[in-house]
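# Mind folding the following:
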Amino acid sequence: MNTPTIIKNSKILIVDDIADNIDLLKNILQPLECKISFAHSGKQTLKIAEHFQPDLILLDVMMPEMNGFETCQALKNQGDTKDIPIIFVTAKSEPEDIKKGFEVGGVDYISKPVNSEEVIARVSTHLKIRSYMQYQSDVIHSLETAIDVAKYQISEAKQAQQAFLSNISHELRTPLHAIIGYSELIMEEAEDNDLKQAVDHSLQDIANIQSSSKHLLDLINEVLDFSKIQAKKIELRIEHFAIQALVEEIIDNMQKLASCQHNVITLTYGDNLGYMDSDRNKITQILKHLLTNSCKFTNQGNIELNVQRCQQKSGDIILFKISDTGIGITQEMLDKIFQPFTQLDTSKAKNLGGTGLGLTISKSFCEQLGGKISVESVVGQHTTFTIELPVNSNPEYDI
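Alright, predicted model coming up:
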């Protein structure tokens, strides 16, 4: 017969106080190509099983001194043998005997006189089950090991990265919940009222949905931008545009946000700003992020965007300065403010949310455009971010 690979070389322990019975089972099992050991008593079984570690035990019930049921119980009480499957081989086939066998830990019964085909079938089945269970145990152990390694790596990761994972999860869920909630309100009003009344009542809900959706989109865009920066896949789209028109548009768009905190936002600029050949969208993203931060962390104060064109030997540059009279930034935070996942360690900052990636992205964009960004601040007084960008951006690489 062709023996399945998972059965070959399996170890079987045959236990019987009569040698002829052992020989009979050994001959029947020979086609399975298993490793077979034997014992003539319960006490001998305990010693051999512990050393031999069989995959299956064929155990006689009617033995002197220590019968099969007692031997089975003893095996199940030993740590190294408690999981070994045991098949009882016995002439005791009364229902109460079979019940007793299962109660003490047996997995199956073979009645005497034995039938060769039945012995082969039952032994093969339990060896396969044993093999599958061992494989499952190995897989579980491997998974547990992998989980332990992952937990260790996570525990060793930077605290800022851990905070980011927790924070971004919360930040992405919150606006989604708002979108769902407000959408449900609109549906309820549309069902309970006439169309005009439902539309009138839903205008604010629609505005809230738009606000939550835009916030969610900003968060997702920041994460995607950071991922592209990490993968060095950021690309520039250079175009020719008027600087004054750009900054006026940005300030107009920021007026509503500034008024939420009762702030006054102003734009000042020098003569002859002229044009830039640069990535208009990325400059807009940088300035909007810095102005948004100023609006968030300033209350009943002043925010200013000042733009100047400066001549240098290497070529003209555009100087953008965003100043506010907000809460300011500590020196400790200034030292790491452009690092990924960094947020101001204040209750106000935590309540306002965000990914902690905006300034990292802004710095990367500035550098890719051939410029730089810096910050100076006095706690409780003011903060000023300064951006220097060349009028003509000609990047030679992707960051």
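# beta partners of residue 306?
Beta bridges link residue 306 to residue 268, residue 321, judged by DSSP bridges.
# Please report the number of neighbouring residues for residue 20.
Counted with other C-beta atoms under 10 Å, residues neighbouring residue 20 total 8. All C-beta spots, glycine's among them, are computed from the backbone N, C-alpha and C.
# Just list the residues touching it, thanks.
With contact set as C-beta atoms under 8 Å, 6 or more residues apart in numbering, residue 20 has no partners.
# do the one 5 residues further on as well
Each residue near residue 25 by C-beta under 8 Å, 6+ apart is listed here: 14, 16, 58, 89, 114, 119.
# Swap in 7 Å and give it another go.
14, 58, 119 (C-beta atoms under 7 Å, 6 or more residues apart in numbering).
# May I ask which of those has the most neighbours?
The most crowded member of these is residue 58, carrying 27 neighbours; neighbours defined as other C-beta under 10 Å.
# For burial, what's the neighbour tally of the residue nearest to residue 93 when sequence neighbours are not counted?
Spatial nearest neighbour of residue 93, chain neighbours left out: residue 111 (5.0 Å); criterion: C-beta to C-beta, 6 or more residues apart in numbering. As a burial measure, residue 111 scores 14 neighbours (other C-beta under 10 Å).
# Checking my notes, residue 89 in a strand, right?
Yes - Residue 89: assigned to a strand according to DSSP: H, G, I helix; E, B strand; the rest coil.
# Look up how far residue 61 lies from it.
8 Å (C-beta to C-beta, to the nearest Å).
# for residue 23, same thing?
Using C-beta to C-beta, residue 23 is found at 19 Å from residue 61.
# Those two: who's more crowded?
The neighbour count for residue 23 versus residue 61, taken as other C-beta under 10 Å, is higher for residue 61 (23 against 13).
# my guess is the more buried one contacts residue 91, does it?
No - with contact defined as C-beta atoms under 7 Å, residue 61 does not reach residue 91; the gap is 8.2 Å.
# From the domain annotation, what segments belong to each domain of this protein?
Following automatic domain parsing, one finds the domains of the chain at 11-143, 159-230, 239-390.
# Compile those into a markdown table and extend it with columns for mean pLDDT and distance to residue 149.
Listed next are the domains of the chain as a markdown table, based on pLDDT from 0 to 100; distance: least, C-beta to C-beta, whole Å:
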| stretch | mean pLDDT | distance to residue 149 |
| --- | --- | --- |
| domain 11-143 | 90 | 11 |
| domain 159-230 | 60 | 17 |
| domain 239-390 | 88 | 23 |
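# Could you export those domains as JSON lines, including distance to residue 152?
Conversion of these to JSON lines gives the following (distance: least, C-beta to C-beta, whole Å):
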{"stretch": "domain 11-143", "distance to residue 152": "15"}
{"stretch": "domain 159-230", "distance to residue 152": "13"}
{"stretch": "domain 239-390", "distance to residue 152": "21"}
